[in-house]
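In: pasting a predicted model and its sequence here:
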Amino acid sequence: MLRRLLPLLILALGVAAFLWLRATRPESASVTPEERSWRVETLVAAPGRHAPVLPLYGEVTAPEMLTVTAPLAGRIAERPVREGQRVARGELLVALDEADVRPPLAQAEAEVADRRAQLSSERVRHDSDLATLERERELLETARRQLERTRSLVGRNLASQSDLDAARNELARARVTVAARERAIAEHPARLAALEAGLARATAALAATRRDADRSRVEAPFDGIVTRIRVAPGDQVAPRVELLSVYPEEGLELRARIPRRHQAELLEALSRGEHLVATGDEGARLVLEGLAGEGDPAGTEAIFRLETGGTALRPGSLLAVSLARPAITDSLAVPYSALYGNDALYVMDEEARMRRLAVNRHGEVLRDDGERWALVSGEALAEGDRVITTHLPNAIQGLRVEAADAGNEGRP
């Protein structure tokens, strides 16, 4: 009997031990789920008037660069300057040999003298023709009277037929002589005009030769820098061959292409008389003078005048500049990490949650530390809003955040 009850007793003791252990186990603490907050940096919004900058890249030019050419053929006698040398106004740049300059000048002077002599000779000839014509007309009248007398004598058989023919021939010769003299006198104005025109041509050629002779010795017309030297002393050059160039130290320009979408804005600002300034490397400060007269589908070149700095710039140099565009009112500069796309950012509301704001992007601004920030504006953006500058991949409306700083002023 006991052997049958022993398994049941053991089973009952096991069940009792299980119930006792279950009843005496410790109570587990209840877990309440908490919402996670994301730690972010913020920027206290202070909208104001800011000028967005437009990065440009252009070439330095010298619009007043002077290219010296040889006025006539000759040998280079002097060239005391070198490439890149600074010269003062009136300093000699290059000179041709006088032995090549004097002969053309002497020839031109001789041509003028010859034309003047021909003109004087024509006047003397005309005066002589006028005086001779009177005598030849007298001879013509005498020949006519002689013919009449001879006819009378022939009618009275006092002269022969040969005498009559001789009188007729003499009258004919007298008439031809008078006609030739009258023609010569009539042609005098034409000959005089032709000679005067020849003298004018010779005088003009002499003036041109004297001009070329003066230009054979070239001095610097302004304080400038010498460049593009093509010849050395002793070289033989032909007319109109480039010798060297010189450009003024002041007056350099920068030509940079402006995107089409910004052209109207800049032209309107210039029409209002605004002073648009671009800054570049080496302290270069340039002022926008206007846009070029021609463009292409990619845009139009803007012309900037170098105002200060940039002493190391040379024509042909490439320069990156930042052009300050017309200022935007009620705008705010924010780091690019604060933007989501091009038209939205988030602010932290009173409940420490993210609130999405739609904004308009106007370009970028350059801070004093050299960092570039985006310039935005929006109707819902107000003074004192805490703009979230930490870019969150999971950013959504209402996401709980925690500020990691006390905020910064929203000025570049």
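Out: On my side now, so go ahead.

In: contacting residues for the closest residue to P315 other than its chain neighbours?
Out: In space, and not counting its chain neighbours, P315 is closest to A62: 4.3 Å by C-beta to C-beta, 6 or more residues apart in numbering. Every residue, glycine included, has its C-beta placed from N, CA and C. Residues near A62 by C-beta atoms under 8 Å, 6 or more residues apart in numbering: Y247, P248, G251, L252, E253, P315.

In: check E122 too.
Out: Neighbours of E122 in contact, by C-beta under 8 Å, 6+ apart: H188, R191, L192, L195.

In: which stretch of helix or strand covers it?
Out: Using DSSP states H and E, E122 maps to helix 98-155.

In: quick one: whatever helix or strand comes next after that helix to chain centroid distance?
Out: As assigned by DSSP H and E, the chain's next helix or strand after helix 98-155 is helix 161-186. Relative to the centre of its chain, helix 161-186 is centred 78 Å away, using C-alpha atoms, centre = their mean, to the nearest Å.

In: tilt between helix 161-186 and helix 98-155?
Out: Relative orientation of helix 161-186 versus helix 98-155 (axes from the mean of the first three to the mean of the last three C-alpha atoms, to 10 degrees): 150 degrees.

In: domain parsing of the protein, as residue ranges.
Out: 38-50+327-404, 54-63+251-324, 71-248 (the TED database).

In: list the contacts for the closest residue to W38 other than its chain neighbours?
Out: In space, W38 comes closest to V401 once its chain neighbours are excluded; the distance is 5.0 Å by C-beta to C-beta, 6+ apart. The contact partners of V401, taken as C-beta under 8 Å, 6+ apart, are S37, W38, R39, V40, M348, A352, R353, M354, I388, L392.

In: OK, contacts around the third one?
Out: If a contact means C-beta under 8 Å, 6+ apart, then R39 has T390, V401, E402, A404 as its contacts.

In: quick one: the last one from E41, how far?
Out: It refers to A404. Distance of A404 to E41, given as C-beta to C-beta, to the nearest Å: 5 Å.

In: between the two, who's got more neighbours?
Out: E41 (17 against 12; other C-beta atoms under 10 Å).

In: quick check: that one touching R386?
Out: No. Applying C-beta atoms under 8 Å as the test, E41 and R386 come out as separate, 10.0 Å apart.

In: now do the shared contacts for these two.
Out: Contacts common to E41 and R386, judged by C-beta under 8 Å, 6+ apart, are A403.

In: how far does stretch 318-328 sit from the chain's center?
Out: On C-alpha atoms, centre = their mean, the centre of stretch 318-328 falls 18 Å from that of its chain.

In: how about it: buried residues?
Out: L319, V321, S322, L323, A324, R325, I328 (16 or more other C-beta atoms under 10 Å).

In: for the first one, report the pLDDT, please.
Out: In other words, L319. Looking at L319, its pLDDT reads 91.

In: which SSE is it in?
Out: Applying DSSP H and E, one finds L319 within strand 318-324.

In: could I have the buried ones of the contacts of V401 as PyMOL selection syntax?
Out: Buried residues among the contacts of V401 (16+ other C-beta under 10 Å), as a PyMOL selection:
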select buried, resi 40+348+353+354+388
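
In: let me know the closest of the contacts of V401 to R217.
Out: I388 (73.2 Å; C-beta to C-beta).

In: secondary structure class for the closest residue to that closest one other than its chain neighbours?
Out: Excluding the flanking residues, the one nearest I388 by C-beta to C-beta, 6+ apart is Y346, at 4.6 Å. Look at Y346: counting by DSSP: H, G, I helix; E, B strand; the rest coil, its state is strand.

In: tilt between the helix or strand where A77 lies and helix 98-155?
Out: Assigned by DSSP H and E, A77 falls within strand 74-78. Interaxial angle of strand 74-78 relative to helix 98-155 (the same axes, to 10 degrees): 140 degrees.

In: dig out what the nearest residue to R36 once chain neighbours are set aside forms beta bridges with.
Out: Nearest non-adjacent residue to R36, counting by C-beta to C-beta, 6+ apart: R400, 7.1 Å away. Legend: beta-bridge partners of R400 under DSSP bridges are R353.

In: quick check: pLDDT value at P104.
Out: Note on P104: pLDDT of 92.

In: E187: neighbour count?
Out: 12.

In: measure it to D114 for me?
Out: 21 Å.

In: do the same with A298
Out: 62 Å.

In: neighbour count winner among the two?
Out: Using other C-beta under 10 Å, the more surrounded residue of A298 and D114 is D114, with 13 against 9.

In: ok, now which ones touch that one?
Out: By C-beta under 8 Å, 6+ apart, the neighbours of D114 are A202.

In: for T329, what are its contacts?
Out: Per C-beta under 8 Å, 6+ apart, neighbours of T329: G48, R49.

In: now the phi/psi pair for V60, please.
Out: With angles defined as degrees, to the nearest 10, V60 sits at phi -80, psi 130.

In: before we move on, back to that, in the contacts of R39, find the pair that's most separated.
Out: T390 and E402 (10.6 Å).

In: okay, and the common contacts of these two?
Out: R39, V40.

In: and the residue nearest to E182 when sequence neighbours are not counted, what pLDDT?
Out: Computed as C-beta to C-beta, 6+ apart, the closest residue to E182 that is not its neighbour in sequence is L133, at 6.7 Å. Note on L133: pLDDT of 84.

In: hmm, L133 is touching R183, no?
Out: No. Between L133 and R183 there is no contact under C-beta under 8 Å: 10.7 Å.

In: looking at the two, which one has more neighbours?
Out: A count of neighbours by other C-beta under 10 Å puts L133 above the other of L133 and R183, at 17 against 10.

In: circling back: neighbours of the residue nearest to I388, how many?
Out: 27.

In: kindly report the same for the one 5 residues further on.
Out: A count of neighbours around E351, defined by other C-beta under 10 Å, yields 8.

In: phi first, then psi, for it.
Out: phi -90, psi 20.

In: swap in E383?
Out: The phi/psi pair for E383 (degrees, to the nearest 10) is phi -60, psi 130.

In: tell me the pLDDT at it?
Out: 89.
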